[in-house]
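Kindly generate the corresponding structure for this input.
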Amino acid sequence: MSTYVLVAEDDRKQAELIRRYLVHDGYEVTVVHDGETAFREATRRPPDLLVLDWMLPSLDGLEICRRLRVAGELPILMLTARSTEDDLLRGLDLGADDYMTKPFRPRELVARVRTVLRRSRHTAHPASVAPPFATAPVAPAIREALTVGRLTVNATRHQVFVHDRPVNCTPGEFRILSAMAASPDRVFTRSQLLDCLADHGRTVSERTVDVHILNLRKKIEISPRRPQHLVTVHGIGYKLTSGDHGA
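Numbering: from 1, shown residues only. So this is what the prediction gives:
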């Protein structure tokens, strides 16, 4: 049985281009051009994946995400002309599994569709999946509170503090931060950090990790654009360090 993809895109030329590329790659595709129809089709015949434009008439992509997430865990690839971090976080927080900013290359979209579907199937069959950090395991934290520089992570109480200031983190952000705090100065690849999120029952991409890191920097760094604690190791990933204690 072929994989079924529902495409919701109000730009008819763009929608037809997406349809042709997906059909060429072997997918069964239905195209709709407004939000109400997209939601109706997604609930009438749930697709294996929904390619969803953010700005649709009658019902926008964020509201569709919100409604569909109440019903289940349908994989969603969001298309958007918006590119600010806040906009992308809104989409991910409401349930999008990945996003692409316009304009994009159709071949890249097809590759993203394959990736989201692969992760979706990976999550749906956990017995066949190696445990998180299988190739480089992280030893479980023995201490209740982990302190790295001015940052404290309390795994038992699900609390984060910068000095004595409490920091509110989403569940995904907390899991990433806890793993990194348990092994300070260790370099984590995006794939390893992705494993922190994989057992939440949702498919996520490496871009999701990047967005979580950006959001965490806003919460724990004095200057998010010049991070001292949650730093990038170019070409590899990220690490959590004690940073500048005098900052």
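
contacts for stretch 28-46?
By CB atoms under 8 Å, 6 or more residues apart in numbering, the list of residues contacting stretch 28-46 from outside reads 2-10, 12, 15-16, 18-19, 22-23, 47, 50, 52, 56-61, 63-64, 67-68, 71-72, 74. Quick note: C-beta positions are derived from backbone N, CA and C, even for glycine.

can you rerun that using 7 Å?
2-10, 12, 15, 19, 22-23, 50, 52, 56-60, 64, 67-68, 71, 74 (CB atoms under 7 Å, 6 or more residues apart in numbering).

got the buried residues for stretch 206-225?
For stretch 206-225, burial by neighbour count (16 or more other CB atoms under 10 Å) applies to 207-213, 215-217, 219-221.

Of the residues you listed, which belong to helices?
207-213, 215-217, 219-220 (DSSP state H).

measure stretch 145-165 end to end?
Taking CA to CA, to the nearest Å, stretch 145-165 runs 15 Å from one end to the other.

Check which residues of that stretch are buried.
Buried, per 16+ other CB under 10 Å, within stretch 145-165: 146, 148-155, 160-162.

so which of those residues comes closest to Thr170?
Val160 (11.0 Å; CB to CB).

Please report phi then psi for Ser191.
phi -60, psi -40 (degrees, to the nearest 10).

Any idea how many residues pack against it?
Number of residues near Ser191 (other CB atoms under 10 Å) recorded here: 12.

swap in the one 3 residues further on?
Leu194 has 18 neighbours, counted by other CB under 10 Å.

Excluding covalently adjacent residues, which one is nearest to it?
Val209 (5.6 Å; CB to CB, 6 or more residues apart in numbering).

Now do the helices in this protein.
Counting by DSSP H, the helices of the chain are 12-24, 35-44, 61-71, 85-93, 106-124, 171-182, 190-198, 206-220.
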